[in-house]
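[1] Just need the structure, nothing else, for what follows:
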Amino acid sequence: MKKLNNLKWFTLGVIVAALVALTVVPAIAASRQVQATLTYRDIKIVLDGNELVPKDVNGNIVEPFLIDGTTYLPLRAIAGALGLDVDWDGGTSTVTLESESYSPPAPNPSPSPPASPPSATSNDWQNAPDSTPVWTASRTSAIAHSTPTCSNMGNPIQSTKGEVIARGGRACQNCWTNIGG
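    Have a look, this model is predicted:
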């Protein structure tokens, strides 16, 4: 009788374990979260003989760490120290790094509209010549701003209206008075 009672408890335990595994394991796999132990060991980064203090976009110090023997460094700080522009696209979870010498491929040429004379308004996108200085959040950004302080861009890149248009860009709705059609 005791043996039969133990078998019932064992069977019940197996069923409960299976149910827990079937509900918990898929949930963990779907979110792709893993438990890890981060090891902070006061890791120093030296670039060309100078110690680099890595900081995030807000100027806060970001400390490198180890996970299972692999060192993880803050990409924005390292790329910035190497003179690379960093752009993050949260929608596609993509980090884009670009060097100063990078130039995006030119799009297929299209006939350019006839030149219009500039108007008296300095923020007139439609009538501004292609050589008009504009600012973008990165070298690939498609939105041209009339001032480097629009939209809190962080480290704005100066370009020209023509360069932004060539990569399929458009005017910022907030800082241009005449955005055309």
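[2] show me what contacts Trp135?
    Contacts for Trp135 were tallied using C-beta atoms under 8 Å, 6 or more residues apart in numbering; they are Ala144, His145, Ser146, Thr147, Pro148, Cys150, Met153, Pro156, Ile157, Gln158, Ser159. For glycine as for every other residue, the C-beta is placed from the backbone atoms N, C-alpha and C.
[3] Quick one: buried ones out of those residues?
    Ala144, His145, Ser146, Cys150, Met153, Pro156, Ile157, Ser159 (16 or more other C-beta atoms under 10 Å).
[4] Which pLDDT does the model give the fourth one?
    What the model reports as pLDDT for Cys150 is 77.
[5] repeat for Ile78
    82.
[6] Are we agreed that it is in a helix?
    Yes: assessed by DSSP: H, G, I helix; E, B strand; the rest coil, Ile78 belongs to a helix.
[7] still on that earlier bit, of the buried ones among the contacts of Trp135, the lowest pLDDT goes to which?
    When those are compared, Met153 shows the smallest pLDDT, 70.
[8] Excluding covalently adjacent residues, which one is nearest to that residue?
    Spatial nearest neighbour of Met153, chain neighbours left out: Ala137 (4.6 Å); criterion: C-beta to C-beta, 6 or more residues apart in numbering.
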